[in-house]
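[1] Test case, fold it:
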Amino acid sequence: MSKKIQSQILKRFRPPIGKDFRESQFSSWTRIKDFIVTFGAASGVLAGVLWMGGRFYAYGYFERIHIPLYFLSFSAGEYAETYVTSIFANIITYMIANFWQILIVIILVIAVSLVLSVIQSRFKKLKIHEAVITIDNIGHRLLAISFVMLLFLSFFIAYNNGNAAASHTLANGQSVTVYSTELLPLGSPSTLKTPDQNSSLYAFTDLYLLTYNNGKYYFFTELDLVTCKPKQVYVVPDSSVAGVKINESSLAFPKCAISPVK
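    Numbers count the residues shown, from 1 in each chain. As a prediction, this is how the structure comes out:
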């Protein structure tokens, strides 16, 4: 065979190295882009879920203390923090309270898996493996449905957690004294002299602090014993407040007629 024919045969069967490399590089970039898109979409969904869960918690909390949620301003991180800490606290509490039951279920699952594996190894004709795969496929569908249901359930739990936290705040709140250079609509004040004796301060007593948000204090003076909510909430901008003193005395109200948690 002549050298010319051999050269043509070698060229014909030589693998296109450059083309394969370009295709491999293109495939790698495609996978990277797909990962970035998937990660971005998952991050957006996760942020939305955390924000929504925090909103449910905040709605439950501030509904109990009689403050409309649109009066307040929170960041997405604050919403997410309250939701995550609230739900994790529930999960950890449940796991501790039901530790032995959870451990027994885990042991039973492992034991059943080992028994099925031994039976399959002894009796080759049994189609246990195929049955397990079928059950696993059905389980994946049920898992997706269960995840969505648990997600909505977690929002409801977050709402109840916020409601319970607000009820605890109302039941264990401490009275405060508000000092101001202005005559605020917080009842009848007493008058005090400033330390330099050059001006006077109004001191408003028998108030209870609900929260402070976005440059405003929220106070109440009387609790409705039927609904377990403040009868009236006073909103005072911090520019009108010279100081707030937290007293040692707690709420001077009897217990509510109904349970504070709905």
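[2] List the buried residues in stretch 175-186.
    175-180, 184, 186 (16 or more other Cβ atoms under 10 Å). Where you see a C-beta, it was placed from the backbone N, CA and C, and this is true even at glycine.
[3] could you dump those to JSON lines with pLDDT, secondary structure and distance to Ile67?
    Converted to JSON lines, the buried residues of stretch 175-186 look like this (pLDDT from 0 to 100; DSSP: H, G, I helix; E, B strand; the rest coil; distance: Cβ to Cβ, whole Å):
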{"residue": "Ser175", "pLDDT": "85", "secondary structure": "strand", "distance to Ile67": "19"}
{"residue": "Val176", "pLDDT": "88", "secondary structure": "strand", "distance to Ile67": "17"}
{"residue": "Thr177", "pLDDT": "88", "secondary structure": "strand", "distance to Ile67": "21"}
{"residue": "Val178", "pLDDT": "88", "secondary structure": "strand", "distance to Ile67": "17"}
{"residue": "Tyr179", "pLDDT": "88", "secondary structure": "strand", "distance to Ile67": "23"}
{"residue": "Ser180", "pLDDT": "87", "secondary structure": "strand", "distance to Ile67": "21"}
{"residue": "Leu184", "pLDDT": "85", "secondary structure": "coil", "distance to Ile67": "18"}
{"residue": "Leu186", "pLDDT": "84", "secondary structure": "coil", "distance to Ile67": "17"}
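[4] From the residues you listed, pick the one nearest Arg55.
    Val176 (28.2 Å; Cβ to Cβ).
[5] Next, the contact list for the closest residue to that closest one other than its chain neighbours, please.
    Spatial nearest neighbour of Val176, chain neighbours left out: Leu209 (4.9 Å); criterion: Cβ to Cβ, 6 or more residues apart in numbering. Applying Cβ atoms under 8 Å, 6 or more residues apart in numbering to Leu209 gives the contacts 173-174, 176, 217-219, 244, 246.
[6] make it 7 Å
    With contact set as Cβ atoms under 7 Å, 6 or more residues apart in numbering, Leu209 has these partners: 176, 217, 219, 244.
[7] And what about the third one, helix, strand or coil?
    Three-state assignment for Phe219 (DSSP: H, G, I helix; E, B strand; the rest coil): strand.
[8] and it, bridged to which residues?
    Leu209, Tyr234 (DSSP bridges).
[9] Check the burial of it by counting its neighbours.
    22 (other Cβ atoms under 10 Å).
[10] which residues does it contact?
    186, 207-210, 234, 236.
[11] let's go with 6 Å and repeat that
    207, 209, 234 (Cβ atoms under 6 Å, 6 or more residues apart in numbering).
[12] can I get these in a markdown table with distance to Phe152?
    Below are these laid out as a markdown table (distance: Cβ to Cβ, whole Å):
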| residue | distance to Phe152 |
| --- | --- |
| Leu207 | 39 |
| Leu209 | 34 |
| Tyr234 | 36 |
